[in-house]
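Novice: here's my sequence, what's the structure:
(one chain, ligands or ions: 1)
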Amino acid sequence: MTKRTIYELAGGEATFFALVERFYHGVAEDPLLRPMYPADDLKESQRKLALFLIQYFGGPTTYSEERGHPRLRLRHAPFPIDQAARDAWLHHMNAALDATPLPEAAREEMRRYFAHAATFLINRAAPATLPVFPLQPRLPHEQNPI
Ligand code: HEM
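Specialist: Reported below is the predicted structural model:
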């Protein structure tokens, strides 16, 4: 017997479209994430993410037929994804997962994947960790030796 894919286990493409629709309801209300997405309409973003996940979890490869190689880090480079953005994204995805009827094994596997993928996409340091340099030159006795 061949191993069933998460795609099959989850119930096929309808489940992924429903999951992503729930996720985007969260994004639409999120003050940190919403400005990163197209201003007019989230429908296209929604479709791309659903097709990507369908492909990633073992379903049809429509995503790559339309978009080519996913190159997720490259495609996310324009967006300022720091720890807070990663946490917000994951929060909405985990809420969507909780609200979607799924076999527990599929939910767990997807939860693990999203945590990993979202961390992998962090591309900015959190602003609070950047050093603050004085704007005025220091007096000689104040100067830092390094
Ligand atoms: C970590 C926080 C994340 C933020 C802030 C973020 C934000 C974005 C934004 C702003 C877009 C552009 C939407 C558009 O132009 O329509 C996008 C596209 C996309 N994101 Fe994310 N994303 C995040 C994490 C993820 C993760 C974890 C995945 C996959 C598991 C993912 C998969 C995608 C895909 C497939 C696209 C469409 C790429 C394309 O074909 O153009 N994103 N994301």
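Novice: what's the neighbour count on H69?
Specialist: 9 (other C-beta atoms under 10 Å). Heads up, the C-betas are built off the backbone N, CA and C, glycines and all.
Novice: residues in contact with it?
Specialist: Not one residue lies near H69 by C-beta atoms under 8 Å, 6 or more residues apart in numbering.
Novice: could you do A106 as well?
Specialist: 6, 9-10 are the contacts of A106 under C-beta under 8 Å, 6+ apart.
Novice: out of these, which is most surrounded?
Specialist: A10 (27 neighbours).
Novice: was I right about that residue contacting F16?
Specialist: Yes - in terms of C-beta atoms under 8 Å, A10 counts as a neighbour of F16; the distance is 7.0 Å.
Novice: give me the common contacts of these two.
Specialist: Common neighbours of A10 and F16 (C-beta under 8 Å, 6+ apart) are F57.
Novice: do stretch 99-112 and the ligand meet?
Specialist: No - counting by C-beta under 6 Å from any ligand atom, the ligand is not contacted by stretch 99-112; separation bottoms out at 9.4 Å.
Novice: got the contact list for the residue nearest the centre of the chain?
Specialist: Nearest to the mean C-alpha position of the chain, by C-alpha atoms, centre = their mean, lies A118 at 4.9 Å. Counting by C-beta under 8 Å, 6+ apart, A118 touches 86, 89-90, 93.
Novice: repeat for A84
Specialist: 32, 126.
Novice: could I get the phi/psi values of it?
Specialist: Main-chain torsions, A84, degrees, to the nearest 10: phi -70, psi -40.
Novice: per-residue confidence for it?
Specialist: On pLDDT, A84 comes in at 97.
Novice: again with the one 4 residues further on
Specialist: What the model reports as pLDDT for A88 is 98.
Novice: check T2 too.
Specialist: 73.
Novice: quick check: it vs A10, distance?
Specialist: Using C-beta to C-beta, to the nearest Å, T2 is found at 17 Å from A10.
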